[in-house]
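Chemist: Build me a model from this:
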Amino acid sequence: MTQQRVVITGIGALTPIGHGVDGLWAGVLMARSAVRRITRFDATPFRCQLGAEIDDLPVLDGRRGRRLDRFSALAVIAARQAVADAGLEGPMSQSAGCYVGTALGGVAFAEEQHAAYLKSGARGVSPALALSVFGAAGSSNVAIELGLNGPCGANSNSCASGAIAIGDAFRLVRDGHTPMMLAGGVEAPLAPLTFGSFALIRAMSIANEAPQCASRPFDAARDGFVMGEGAAMLVLEALDHAIARGACVYAEVRGYGTTTDAHHMLAPLPDGAQAARAMRLALDDAGVSAPQVDYVNAHASSTQLGDRAEAHALLDVVGPAVPVSGTKGMYGHPLGASGAIETAICALAIKCGFVPGTTNLVQADAECQLNLVPPCGLDTKPAVVLNNAFGFGGINAALVLSAA
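Modeler: Numbers count the residues shown, from 1 in each chain. As a prediction, the model looks like this:
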């Protein structure tokens, strides 16, 4: 079977720094942090009281839209944006499908409904709960919204979920199973029990008095990640199919690799060996050598152990000269959505000719001896980009994008 070239022709995004392609990219160029004290609930019982929340979420119209919880609503709105951005009007191809990655799915809605149950008993619980909490609720609702009859599914691979959804969808299109997939990641985790559980394992920043400086990838003063919410959905399309309909192309997806540390549920392998192997698998899949990489968007969640292990892996794979940035300083860590949001950012970096900076980088960790991009970014057009996404449980994913 002849392999198809796969391109990104549409992007939808809902993030704390901006909505849609234009809003997301404007937020990246501003390089400001959207982290603040949590407003969604009372976080004062927790050591960490910070989050990256989405403001002004578009409202879905219609009866079904009103029944969607925040997780599924984020998925549907981002998918609508992506389809509109791709110039797709009318019915989609019957073979088009949808993959969505999420770490926690509808957990926040489940918490909300549990509180309603404790207050009012079973009569206080929404009937929508049963169809909102499972991981595939997001992708299923997107498929219903857009009439997608092709492959539809979800994965829950912690913070690598969005990247893995894109990688798996990329393979389906590349191998000729379908000419088009919507793929990405969605997360709506900001609820007390979920938030508090991450605070209990001391994974999150406690810089409560300086919220905008709390998420600081690779910085010597980092003290944990900041939980965020968000969504990004991409239209992945066979190049021939895109050309035939006159679509605009952001970037080409060239390669994908994934591995597992098999080491610890919380801590990565200190030397980043399996993260490095995921990168090499992606590069090999793309037919790209390490010296050809112009820019790396690191996972860089702002944890001490994670950033350090990733730095070791990057030094092993691409060396100390390639520009590397961690963009979570702007929008925190939206868990399973992060890899998808950052794939969108990488595609825009290629299309727009700008390498995003590392917001809040003041003094690099001495053990992260990388060519870290300063907060102001770089006015340069990367031709080949490596994007990393790593998750709890030691799950590693890497994607390679290039100019088409």
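Chemist: hey, where'd the helices end up in this protein?
Modeler: Secondary structure of the chain (DSSP state H): helices at 20-30, 62-67, 70-85, 107-120, 137-146, 161-174, 192-200, 239-244, 273-286, 304-317, 328-331, 338-352.
Chemist: Comparing those helices, which comes out most buried?
Modeler: Mean neighbours per residue, mean count of other C-beta atoms under 10 Å, is largest over these for helix 328-331, with a mean of 30. C-beta here means a position set from N, CA and C on the backbone, and glycine is covered the same way.
Chemist: ok, and what's touching that helix?
Modeler: 15-17, 27-28, 31-35, 52, 215-217, 225-226, 228, 230, 300-302, 338, 341, 358-361, 375 (C-beta atoms under 8 Å, 6 or more residues apart in numbering).
Chemist: To Gln3, which of the helices of the chain lies closest?
Modeler: Gln3 sits nearest to helix 161-174 of all those, at 5.2 Å, using C-beta to C-beta.
Chemist: between the closest one and helix 137-146, how many degrees?
Modeler: Counting by axes from the mean of the first three to the mean of the last three C-alpha atoms, to 10 degrees, helix 161-174 points 50 degrees away from the direction of helix 137-146.
Chemist: Name whatever forms a beta bridge with Asp98.
Modeler: Heads up, residue 98 is Cys, not Asp. Applying DSSP bridges to Cys98 gives these bridge partners: Cys152, Leu182.
Chemist: Make 793 the starting number, not 1.
Modeler: That works, and once the first residue is 793, the last one we named lands at Cys890.
Chemist: where's stretch 996-1016 relative to the chain centroid, distance-wise?
Modeler: Offset of stretch 996-1016 from its chain centre (C-alpha atoms, centre = their mean, to the nearest Å): 20 Å.
Chemist: buried residues in that stretch?
Modeler: Buried residues in stretch 996-1016, counted by 16 or more other C-beta atoms under 10 Å: 996-997, 999-1000, 1003-1011, 1014-1016.
Chemist: Of those, which pair is most distant in space?
Modeler: Greatest spatial distance among the buried residues of stretch 996-1016 (C-beta to C-beta): Asn1000 and Phe1010, at 21.5 Å.
Chemist: Rank the helices and strands of this structure by mean pLDDT and give me the bottom one.
Modeler: helix 854-859 (a mean of 79; mean pLDDT, DSSP states H and E).
Chemist: Show me what it packs onto, helices and strands only.
Modeler: Using 3 or more C-beta pairs under 8 Å, 6 or more residues apart in numbering; DSSP states H and E, no helix or strand is in contact with helix 854-859.
Chemist: how about stretch 1148-1157: buried residues?
Modeler: Residues of stretch 1148-1157 classed as buried: 1148-1153, 1156-1157 (neighbour count, 16+ other C-beta under 10 Å).
Chemist: what's the average pLDDT for it?
Modeler: Stretch 1148-1157 comes out with an average pLDDT of 99.
Chemist: how close does Ala946 get to Gln1004?
Modeler: To Gln1004, Ala946 is 33 Å away according to C-beta to C-beta, to the nearest Å.
Chemist: sorry, back to before: just send the helices of the chain back as a markdown table, with distance to Met972 too.
Modeler: A markdown table is the format used below for the helices of the chain (distance: least, C-beta to C-beta, whole Å):
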| stretch | distance to Met972 |
| --- | --- |
| helix 812-822 | 18 |
| helix 854-859 | 24 |
| helix 862-877 | 10 |
| helix 899-912 | 30 |
| helix 929-938 | 11 |
| helix 953-966 | 7 |
| helix 984-992 | 33 |
| helix 1031-1036 | 7 |
| helix 1065-1078 | 20 |
| helix 1096-1109 | 31 |
| helix 1120-1123 | 28 |
| helix 1130-1144 | 16 |
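Chemist: wait, which of these is closest to Lys1173?
Modeler: Of all the helices of the chain, helix 1130-1144 sits nearest to Lys1173, with 7.3 Å by C-beta to C-beta.
Chemist: Measure how buried Lys1173 is and give me the count.
Modeler: If you count neighbours by other C-beta atoms under 10 Å, Lys1173 ends up with 15.
Chemist: From what I see, it and Ile1142 are in contact.
Modeler: Yes - between Lys1173 and Ile1142 there is a contact at 7.3 Å, judged by C-beta atoms under 8 Å.
Chemist: shared neighbours, those two?
Modeler: With C-beta under 8 Å, 6+ apart as the test, Lys1173 and Ile1142 both reach Ala1195.
Chemist: Identify the residues contacting stretch 1090-1103?
Modeler: With C-beta under 8 Å, 6+ apart, stretch 1090-1103 has contacts from 951, 995, 997, 1006-1011, 1014-1018, 1059-1064, 1067, 1106, 1116-1121, 1125, 1130-1131, 1150, 1157, 1159-1162, 1180-1182.
Chemist: Ignoring the adjacent residues along the chain, who's closest to Gly1169?
Modeler: Nearest non-adjacent residue to Gly1169, counting by C-beta to C-beta, 6 or more residues apart in numbering: Gly1149, 3.9 Å away.
Chemist: Correct me if wrong: that neighbour contacts Cys1168.
Modeler: Yes - using C-beta under 8 Å, Gly1149 is in contact with Cys1168, at 5.4 Å.
Chemist: Alright, calling it a day.
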